[in-house]
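Student: What would the 3D arrangement of this be:
(chains A and B)
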Amino acid sequence: MKISGSSGHKIGGEVNIIAHPKKRKKLITVLKPYLFLSPITIFIIMFSYYPFFKTFIYSLLTVNVRAEIKEFVGLKNYIEIFTRPDFVKSILVTFKFALMYLPLAVTIPLALALIANKKKPFSDLYQTLYALPMAVSMSAGCLIFEQFYQRKAGILNYMLNQLGLMQNTTDINWLNDKVWALPALVLIVVWLHIGFNFMLLLAAVRNVPQELIESAELDGAGYWSKTLKITLPMVSPTIFFVICTQTVAALTMSGPVMILTKGGPLNTTSTLIYYVYTTGFRSTNYSLGSTASIYAFLLTFFFLLINFLYEKKGVVYE
Amino acid sequence: MRSKSHQIQKYLSPVLSLIIGLVIAFPVFYAFMSGFKGASEMDSYPPTILPESFMNFANFRQVIFDSLVPRFMLNSLIIALVATIVRLLFSTLAAYSLAFFKFRGQKFMFFFILGTMMIPPEALLISNFLTVSKFGLVNSYMGVMIVYFVSATQVFMFRQNFRTISTSLREASFIDGCTDLMFYLKICIPVSKPVITALGIASFVNVWNAYMWPLLVTNKPKMRTVQVGITMLASDDPNKGILFAGIAIILVPSILIFAFYQRNLVHGISSGAVKG
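Tutor: Below is the predicted model:
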């Protein structure tokens, strides 16, 4: 669109382009920037903006199983979807997940980065160990934890029992328990994301100028006051980045649900995107699925916006 | 007070740090150990960590010779490799345009590309699935990889990187008859090798680890990717030892990549390369 528009404008000024080799060369110079951009632009339109608008349009329509349009209903789907208990529940579950997930997903890697900051004996080794979850894919991680969560043969119940925290080793059936299934998923997703966020934060912590730390030491600052007053403000842009990416990760979480709980028990782990999947693909209700997708988009957008508004207060740039 | 806490830190903290590290890495260790276990060992009480025998290769043998896991790995390898190469090509070309040319709509194109970062891919699943099935690409490599060809993050990173190449160098080489395509191939790409490696690896791992999209666009067992296939293995065989042998095998490539590039990644991340 943009491409033909602006090049057309240029060509309009010049007549007989083809006749003059010099002018043809000029045309190529004008078009060249767009040629370099064209491959990516085609795919961005086809697989980002077009589907996005299509999803939006579908949410305004009723659509049959073969994705054929029945009628235009405006914002009716957006209101009606709230009469579906499954949908309302999925929003609540998503919030509950995010509330449990975010504090852990940010503070654990940050604490690990602070631990690994200084070079000490074995520090290379434990730095590698902290980052290791990065090498594990979501589905492999889920299957490993599923084994830990087993009611009888699982390590978690065994350990809790040995520690005296649980009287009967089969007290909790983690992934099939109304109360514990969601926290069990939180733990998996936190673990899966430790590695990458740890590396990011470690790089940021190591980039804090040594002079600042040293001058604070001369002023008699201890470890905690150095950390709180210098290191944390200096790495706050990276912390902010981690909070943003993890907010999106939390609000769009769905993979572990699909692999481990299928939304159960009693929909206590059915997140918003899992709802999109079940309504859109299992029940092939494309219009409701699309409406839920748009809500998912709005939700992530809204919370990113809040993050960015807060950024002005909390984040220190040099 | 200060020297005391220093003393404690000196002796206690490395040991404690190491213990924390072992706890974090434990699931990986456990997966490899469990590959050697028989069915009864997986269900035993109390649960065991180490296998009875490290010489029990039956699970691994079955996964390698008698399951679809090697095929899954081949599928994932092809998809991740081609998607990464195409992605790198598209992003470097776009970044070249944004970094070196002055043209109408330049700002618009920049934000047009970065704007895709605002749309979570999960919200596009239904529409993209309909598009791909309309093209008849369900159960094909192309159908899986086609949604991974664009990475706005990569465009941004490469643009930053290309901007460090001096414009006077470009002007000088153009006087000597160099063209944009030659400059792109002979200067920009070689100069950006470290960034290409870092982003390429991150992208390969991302696509290799993808789950939701490959699950939707493939339903023939032979076309499954590793991540989807391994969860099928879980439901196919009641013997958990075989499942864990499969998990161990599919973890090997990403752990090898991780081991080789962990150090470079810290460096790459701190110099601005965030993710693929």
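Student: for chain A, what spans make up the strands?
Tutor: A:61-63, A:69-72 (DSSP state E).
Student: just the ones you listed: most buried one?
Tutor: For the strands of chain A, average neighbour numbers computed from mean count of other C-beta atoms under 10 Å in any protein chain shown are highest in strand A:61-63, which has a mean of 19. All C-beta spots, glycine's among them, are computed from the backbone N, C-alpha and C.
Student: wait, does stretch B:151-158 make contact with chain A?
Tutor: Yes: judged by C-beta under 8 Å from any C-beta of the partner chain, stretch B:151-158 and chain A are in contact via B:Val155.
Student: Can you mark which positions in the helix or strand where B:Leu199 lies are buried?
Tutor: According to DSSP states H and E, B:Leu199 maps onto helix B:193-209. Of all the residues in helix B:193-209, those buried under the rule 16 or more other C-beta atoms under 10 Å in any protein chain shown are B:195-196, B:198-209.
Student: Check stretch B:96-105 too.
Tutor: Buried, per 16+ other C-beta under 10 Å, within stretch B:96-105: B:96-101, B:103-105.
Student: One more: stretch B:82-94?
Tutor: Residues of stretch B:82-94 classed as buried: B:82-84, B:86-88, B:90-94 (neighbour count, 16+ other C-beta under 10 Å).
Student: ok, now stretch A:106-122?
Tutor: Buried, per 16+ other C-beta under 10 Å, within stretch A:106-122: A:106, A:108-110, A:112-117, A:120.
Student: export it as CSV, just CAs?
Tutor: This file holds the C-alpha atoms of stretch A:106-122, laid out as CSV (Å, rounded to 0.1, in the frame of the first residue of the first chain):
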residue,chain,number,x,y,z
VAL,A,106,10.7,-11.7,38.9
THR,A,107,12.2,-12.1,42.3
ILE,A,108,13.7,-15.6,42.0
PRO,A,109,15.9,-14.8,38.9
LEU,A,110,16.8,-11.4,40.5
ALA,A,111,17.9,-13.1,43.7
LEU,A,112,19.9,-15.6,41.7
ALA,A,113,21.5,-12.9,39.7
LEU,A,114,22.6,-11.1,42.8
ILE,A,115,24.0,-14.3,44.2
ALA,A,116,25.9,-15.1,41.1
ASN,A,117,27.1,-11.5,40.6
LYS,A,118,30.5,-11.8,42.3
LYS,A,119,33.1,-14.2,41.1
LYS,A,120,33.6,-16.8,43.9
PRO,A,121,34.8,-20.4,44.1
PHE,A,122,32.4,-22.5,42.0
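Student: Next one, pLDDT for the residue in the stretch 101-250 of chain B positioned nearest to chain A please.
Tutor: Nearest residue of the stretch 101-250 of chain B to chain A (C-beta to the nearest C-beta) works out as B:Ser127 at 3.3 Å. On pLDDT, B:Ser127 comes in at 90.
Student: for A:Ile18, same thing?
Tutor: Confidence for A:Ile18, expressed as pLDDT, is 52.
Student: show me what contacts A:Ala67?
Tutor: Counting by C-beta atoms under 8 Å, 6 or more residues apart in numbering or on different chains, A:Ala67 touches A:286, B:130.
Student: Please report how far it lies from A:Trp180.
Tutor: The gap separating A:Ala67 from A:Trp180 is 39 Å, by C-beta to C-beta, to the nearest Å.
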